[in-house]
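1. The following comprises the amino acid sequence and a computationally predicted model.
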Amino acid sequence: GQQLNQSPQSMFIQEGEDVSMNCTSSSIFNTWLWYKQDPGEGPVLLIALYKAGELTSNGRLTAQFGITRKDSFLNISASIPSDVGIYFCAGLPTNAGKSTFGDGTTLTVKP
Amino acid sequence: DAGVTQSPTHLIKTRGQQVTLRCSPKSGHDTVSWYQQALGQGPQFIFQYYEEEERQRGNFPDRFSGHQFPNYSSELNVNALLLGDSALYLCASSYGLGNEQFFGPGTRLTVL
């Protein structure tokens, strides 16, 4: 089945630093999604990407849909303590509906 | 505008028992998907319901079944529980089959 490789697995950064994480797949996806999950809660949608090459921002977050349709990147600028959490990428294939998730990047921000 | 709601919040069962989890989608949404999230992993797709029918299914055994009601709410049933079924069960809703999904807070199931 489809698998997403998400990296890095974890990150420990200082407040104010920028963060980059990515997802790669052996399969093509029609849509890429980025979620953040806090402990004890469900994932919250951050950014949705629908076209290859698309670059979309949401505040300090910027995500890109890779040209090959097999990867996506998420950048967080000027990190703050509330950015702490687990970030997941998810891909939807051309037949839609069946999201495949990566295993997450755990972000720790030190004040 | 209510988001996705799930009940119960937590549940403890023993091996061999059966469990039913419930989900109400976000207002205006008609599609419900269920996911299993084991500790330290991303959500794994179980199945998706649209127009009261199962539309897509992940790699889960027949012990996992579901239902969608005319008001778009949904249930997930798991029979003959195994220890490995212990996980956070997430419900996600969307408008239509191909659009971004919004998740509920999940139901934490512990099987002893």
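-> Received it, and whenever you're ready, just let me know what you need.
2. Show me the strands in the chain, by range?
-> Went with chain A since none was named. Per DSSP state E, chain A carries strands over the ranges A:4-7, A:10-14, A:19-25, A:31-37, A:44-49, A:55-58, A:61-65, A:71-76, A:85-92, A:100-101, A:105-110.
3. meant chain B, my bad for not saying
-> Using DSSP E, the strands assigned to chain B run over residues B:5-7, B:10-13, B:19-24, B:31-37, B:44-50, B:53-57, B:64-68, B:74-78, B:87-94, B:102-103, B:107-111.
4. could I get these as TSV with mean neighbour count?
-> For the C-beta atoms, the positions are set from N, CA and C on the backbone; glycine is no exception. Converted to TSV, the strands of chain B look like this (neighbours: other CB atoms under 10 Å in any protein chain shown):
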stretch	mean neighbour count
strand B:5-7	16
strand B:10-13	13
strand B:19-24	20
strand B:31-37	25
strand B:44-50	22
strand B:53-57	14
strand B:64-68	18
strand B:74-78	21
strand B:87-94	25
strand B:102-103	22
strand B:107-111	18
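5. Indicate which one of the ones you listed is closest to A:T56.
-> Nearest to A:T56 among the strands of chain B is strand B:102-103 (17.5 Å), distances taken as CB to CB.
6. Give the burial count for B:R15, as a bare number.
-> 11 (other CB atoms under 10 Å in any protein chain shown).
7. Quick check: it vs B:Q41, distance?
-> Distance from B:R15 to B:Q41, counting by CB to CB, to the nearest Å: 22 Å.
8. Partner strands of the helix or strand bottoming out on mean pLDDT in chain A and their direction?
-> Of all helical and strand segments in chain A, the minimum by mean pLDDT, DSSP states H and E falls on strand A:100-101, at a mean of 92. Here strand A:100-101 is paired, per DSSP bridges, with strand A:85-92 (antiparallel).
9. Same list, the strands of chain A, but as TSV with mean neighbour count please.
-> Formatted as TSV, the strands of chain A follow (neighbours: other CB under 10 Å):
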stretch	mean neighbour count
strand A:4-7	18
strand A:10-14	12
strand A:19-25	21
strand A:31-37	24
strand A:44-49	19
strand A:55-58	13
strand A:61-65	20
strand A:71-76	22
strand A:85-92	24
strand A:100-101	22
strand A:105-110	17
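10. and A:S72, what does it touch?
-> A:S72 makes contact with A:22-23, A:32, A:34, A:49, A:63-66, A:89, A:91 under the criterion CB atoms under 8 Å, 6 or more residues apart in numbering or on different chains.
11. Sorry, slip of the keys, the one I care about is B:E52.
-> Contacts for B:E52 (CB under 8 Å, 6+ apart) come out as B:67-70.
12. what does B:L81 give?
-> Contacts of B:L81 (CB under 8 Å, 6+ apart): B:13-19, B:111.
13. That one and B:T20, how far apart?
-> B:L81 is 12 Å from B:T20, by CB to CB.
14. Next, count neighbours for residue 18.
-> Assuming you mean chain A. 11.
15. Chain B is the one I meant
-> Around B:Q18 there are 11 residues (other CB under 10 Å).
16. tell me the contacts of it?
-> B:77-81.
17. just the residues of chain A that are near chain B, which are they?
-> A:1, A:4, A:6, A:30-31, A:33, A:35, A:40-45, A:48, A:88, A:90, A:92, A:96-104 (CB under 8 Å from any CB of the partner chain).
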